[in-house]
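In: Any chance you can model this:
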Amino acid sequence: MIVGQSGIRKLVISLSMVMVCVSICGCGTTYGRLRLEGHRAMASQDYRAARAFFGEAHERKAGDAENLFDLGMVCMRYAQERSEQRNEPAALRELDQAVWYFSRAIESRPGMQSATMAKNHALELKGQYDSALGEAEWAAAFVGPSARAYMYLASELEERGDVDAALLRYRQAVAIEPHNATAHAALGRFLLRQDRTDAGIESLQQAYELDPLTPGVVESLTDLRAPLPRSNPDAGNS
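Out: Numbering: from 1, shown residues only. Model prediction:
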């Protein structure tokens, strides 16, 4: 089949029109559509999808104050979820990101009240996490040295991601009260979470020797197929 010059010209024009439409529509997804789908995802509590839609919109218009605000709100929702899961380091990272987005929104639209209020709320939440850690440190330092105080501080440090400091506090708890089976068990579980299986088993076995009724110790050792040592016959009776 032979196509004349006029046919070729029509074909080129048609293809050009198609390319222009694709360029304008952004492969069928406009900026407004991304924003709409992001809000729908937020309403259905699908925060992962919302972050994806608002994130793509941000790539197209990075200075849009409304979209920056929405990204910050997604981070706030994630921070709440991470806090409920007791994953405080992840919650703090989300709050830091939320503060960043709200700050950019305020820079883009000075005086934006919604972004200002949301930023203040995020900063307040961050302060609460810092306060929780501060209270744990105060208890360990001033209420008096006790295994319970050091275990509480260790758990707070672990949640913040400071593994080395947490290990030190767990060991201090054991050192202060070497006959406290709960302290040995807490240290053992911490070591297991750090993939230090042999050391974790040893601490759990020490807890069992001190008190075989220490909650969770038998179950943990059984799951690990570790032998149960001989326990103190007077354990748990004091």
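In: which stretches of the protein aren't confidently modelled?
Out: Along the chain, the parts satisfying pLDDT under 70 run over 1-28, 129-136, 138-145, 231-238.
In: What are the structural domain limits within it?
Out: What the record gives for the chain is the domain set 29-132, 144-238, from automatic domain parsing.
In: can I get those in CSV with mean neighbour count?
Out: (Each C-beta comes from the backbone N, C-alpha and C, glycine too.) Putting those into CSV (neighbours: other CB atoms under 10 Å) gives the following:
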stretch, mean neighbour count
domain 29-132, 17
domain 144-238, 18
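In: May I have the residues that are in contact with the residue sitting nearest the centre point of the chain?
Out: Averaging the C-alpha coordinates of the chain gives a centre point, and the residue nearest to it by CA atoms, centre = their mean is A90 (2.2 Å). Residues touching A90, when contacts are defined by CB atoms under 8 Å, 6 or more residues apart in numbering, comprise R82.
In: quick one: secondary structure of it?
Out: Three states are possible here, and by DSSP: H, G, I helix; E, B strand; the rest coil the one that applies to A90 is helix.
In: how near is it to Q128?
Out: 15 Å (CB to CB, to the nearest Å).
In: secondary structure class for the nearest residue to P89 once chain neighbours are set aside?
Out: When the adjacent residues along the chain are set aside, P89 lies closest to G161, with 3.9 Å between them (CB to CB, 6 or more residues apart in numbering). Each residue gets one of three states, and G161 gets coil by three-state DSSP.
In: Just to check, G161 is in contact with R93?
Out: No. Distance between G161 and R93: 9.3 Å, which falls outside the contact criterion (CB atoms under 8 Å).
In: helices or strands next to the helix or strand where M42 lies in the packing?
Out: Element membership for M42 (DSSP states H and E) is helix 31-43. Other helices and strands packing on helix 31-43, by 3 or more CB pairs under 8 Å, 6 or more residues apart in numbering; DSSP states H and E, are helix 47-60, helix 65-84.
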